[in-house]
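Trainee: test case, fold it:
(2 chains)
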Amino acid sequence: MIDLLRSEFFKLRTVRLNIWLPFGAVIGLVVITGLVGLLASDPQAFDNADLMSLIGGFSILVAMMVGVGTSLGITSEFAHNTIRPTLAATPNRPKVFTAKAIVSVLFGLIVGALAVSISYVVGSVLINGRGASVGLSGDDGSLASFFGVIVLAGLLALFGFGLGLLLRNGPAAVSIIILWPLLIEGILTGVLSLAGVDDPQKVLPYSSAFALVIPDVNNAPGGRIYGGVFFGIVSLALVIIGIVVNNRRDV
Amino acid sequence: MTYGDRVIEVRNISKRFGDVAAVNDLSFNASPGRVTGFLGPNGSGKSTTMRCMLGLDQASSGTATFGGRAYCSIENPLFEVGSLLDAGYVHPGRTGRNHLRWMAMSNGIDTARVDESLALVGLTDVANRRVKGYSLGMRQRLGLAGVMLGDPGTIILDEPANGLDPEGIRWIRDILTHFARSGKTVLVSSHLLAEMALMADDLVVIGRGQLIEQCSVTEFVDRHSNKWTRVASPQLESLISALGSSADCVTRLDNDPTTGTPRADIRGIEAAAVGQAAASNNIVLHELSTQLDSLEAAFLRATAGAQEYATTQPPAPPLQPPVAPAPFEPAPLQVPFTEGQS
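Mentor: Sure, this is the predicted structure:
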């Protein structure tokens, strides 16, 4: 399994698009945080939670790009038929897809860790240099939010991989990753509210997962742990269904 | 690994795509130490059979084993079975070396072997170039480098000579023959029948997904080709008279271009009998040989009823070549004459 994990990680990092998409988003997050640190009109009023709210909010885009990257990683295998030499080299399909899923999550965790660490360092150095006193604290949720960014990137990587494996179609998988939170869950929230469901966001996986990156979880129904576990179960279910479906399919 | 571990056995494989039976109850063997050619017209099910053998397509029924084991049960197959189904199955954005490196890593093959394989196929200089910049021939070579990574005892190739230049075709013929002579089992499909005639020891011929014949190349050509005797003699007419009615059909050919000796093809009589008749009648012979159809002619005859996409004969040329239309010559401009004009 270790050989297979090494091989899959090598495959993921040797295609430029898989790297540039999420790391481009990381650079974007760092630039935005830096600009806010430099240009904030009242830096002394900036506290830990403000900085993490800023980073957490924009990190959702980074996590989405990670999901896009992992979904393109698997769908491009089907598009270019490289899945055939992959499965010819390792005919045990569940083992191959499990290795790919693990590598996707690790990739997401690495990108998430880099995104939140670099942007936090850049943001706090710049804002503290202008008289603020920002640091990570467990009291205001900023520390949990810091780690939440990493977890969300890992979960969205799994979600993107699962969707890609199930659909085997890059444009469809990418569209769903981007449109699900912006459009589908927005519509569902409205529909569920009209149907009289309390806290409709609680039954919507993507929206629930956003609680991971918000310092003040009082606004998030279900809370941080619930959101992460719910979205994790949905992502894992997608991967398992994808493995079962692809285990007998012709490739 | 023993020779017995390298036998490919395909037993009663069938594969259906909806209502279409792509492969129907197909069984054959490929033996170690021999190149087995896998022949069939377009759409006969060769590639589907190979995909089923490797577990990439799920056979509706039947089994394929490599030394008694199904491909899917082999832990690190690159050490035992090297396969190349299509040279295009490479990510265009990855370099040739990186393509081989992930393959090597997946089976725990030392990555130093990657450079050895690249050198074997002559791609060392372009190893760090992205595959999208490779020609079809270079992709074929890259695919073959992947086949050789684990130095497997069994090799399966689908149309490996596609896109190769004459030097490449000769190279692949030599390397596959070398593999077979060193005890490996080689199963190779190809449309290049002249190449197959030079390379293959055995043939598996299929049509419409069914086995037509499995035998050696010599047996196949013997069974499906016409045989006749060619003679060249300055006393050709005397020889034909001496043969009398025992020669079914005599076709007179143009005289030998170098010696000017009259020549003929004679059907219905063996070369030995012609030689005997010539000796009995003191007739001088400059040439006496048995002629056989090519593998291509034998293949076309054997698969005549199994062509999925048969073509029609091209239309006969017109008796008179078309006459080119006369060049357009504009009529001289008529200027009406009017009185008073100068």
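Trainee: isn't B:Leu142 right next to B:Ala87, touching?
Mentor: Yes - the pair B:Leu142 and B:Ala87 qualifies as a contact (CB atoms under 8 Å) at a distance of 7.0 Å. (Each C-beta comes from the backbone N, C-alpha and C, glycine too.)
Trainee: show me what contacts the residue nearest to B:His286 when sequence neighbours are not counted?
Mentor: Spatial nearest neighbour of B:His286, excluding adjacent residues (CB to CB, 6 or more residues apart in numbering or on different chains): B:Ala232 at 4.3 Å. Applying CB atoms under 8 Å, 6 or more residues apart in numbering or on different chains, one finds that B:Ala232 lies in contact with B:Asp256, B:Thr259, B:Thr261, B:Pro262, B:Arg263, B:Leu285, B:His286, B:Glu287, B:Leu288.
Trainee: got it, and A:Tyr206?
Mentor: A:Trp180, A:Pro181, A:Glu185, A:Phe231.
Trainee: could you dump the residues you listed into a markdown table with neighbour count added?
Mentor: As requested, the contacts of A:Tyr206 are exported to a markdown table (neighbours: other CB atoms under 10 Å in any protein chain shown):
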| residue | neighbour count |
| --- | --- |
| A:Trp180 | 20 |
| A:Pro181 | 17 |
| A:Glu185 | 21 |
| A:Phe231 | 25 |
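Trainee: what is the nearest of those residues to chain B?
Mentor: A:Trp180 (27.2 Å; CB to the nearest CB).
Trainee: give me phi/psi at the closest one?
Mentor: Main-chain torsions, A:Trp180, degrees, to the nearest 10: phi -60, psi -60.
Trainee: show the pLDDT at residue 53.
Mentor: Picked chain A for this. For A:Ser53, the pLDDT comes out at 82.
Trainee: wait, chain B
Mentor: pLDDT, B:Met53: 94.
Trainee: helix, strand or coil for the closest residue to B:Glu213 other than its chain neighbours?
Mentor: Excluding the flanking residues, the one nearest B:Glu213 by CB to CB, 6+ apart is B:Val205, at 4.8 Å. Recorded secondary structure, B:Val205: strand (DSSP: H, G, I helix; E, B strand; the rest coil).
Trainee: is B:Val205 in a bridge, and if so with what?
Mentor: B:Leu39, B:Glu213 (DSSP bridges).
Trainee: what sits against it?
Mentor: By CB under 8 Å, 6+ apart, B:Val205 lies in contact with B:Leu39, B:Gly40, B:Leu211, B:Ile212, B:Glu213, B:Gln214, B:Phe220, B:Phe299, B:Ala302, B:Thr303.
Trainee: tell me the one among those residues nearest to chain A.
Mentor: Minimum distance to chain A across these is 19.9 Å, recorded for B:Gly40 (CB to the nearest CB).
Trainee: how about the secondary structure of the residue in the stretch 151-251 of chain A positioned nearest to chain B?
Mentor: Per CB to the nearest CB, A:Asp250 is where the stretch 151-251 of chain A lies closest to chain B, at 4.4 Å. Taken by three-state DSSP, the conformation at A:Asp250 corresponds to coil.
Trainee: get me the contact residues on the stretch 51-200 of chain A for chain B.
Mentor: Residues of the stretch 51-200 of chain A lying close to chain B (CB under 8 Å from any CB of the partner chain) are A:76, A:80-82, A:84-92.
Trainee: return the residues in contact with the one residue in chain A that gets nearest to chain B.
Mentor: Among all residues of chain A, A:Ser7 sits closest to chain B, at 3.8 Å; criterion: CB to the nearest CB. Taking CB under 8 Å, 6+ apart, we find A:Ser7 in contact with A:Ala99, B:Trp102, B:Met103, B:Met105, B:Ser106.
Trainee: from those residues, which land in helices?
Mentor: If you go by DSSP state H, these have A:Ala99, B:Trp102, B:Met103, B:Met105, B:Ser106 in helices.
Trainee: mind picking the two most distant members of those?
Mentor: Greatest spacing in the ones in helices among the contacts of A:Ser7, by CB to CB: A:Ala99 and B:Met103 (14.3 Å).
Trainee: give me the more crowded residue out of those two.
Mentor: Neighbours per residue (other CB atoms under 10 Å in any protein chain shown) separate A:Ala99 from B:Met103, with B:Met103 holding more: 25 against 22.
Trainee: helices of the stretch 101-250 of chain B, start to end?
Mentor: Assigned by DSSP state H, counting those that start in this stretch, the helices in the stretch 101-250 of chain B fall at B:112-121, B:136-148, B:166-181, B:193-199, B:217-224, B:236-243.
Trainee: what do you get for the stretch 51-200 of chain A?
Mentor: For the stretch 51-200 of chain A, applying DSSP H, counting those that start in this stretch gives helices covering A:83-89, A:93-129, A:142-167, A:170-179, A:185-194.
Trainee: turn the ones you listed into JSON lines, including mean pLDDT.
Mentor: As requested, the helices of the stretch 51-200 of chain A are exported to JSON lines (pLDDT from 0 to 100):
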{"stretch": "helix A:83-89", "mean pLDDT": "93"}
{"stretch": "helix A:93-129", "mean pLDDT": "91"}
{"stretch": "helix A:142-167", "mean pLDDT": "92"}
{"stretch": "helix A:170-179", "mean pLDDT": "90"}
{"stretch": "helix A:185-194", "mean pLDDT": "84"}
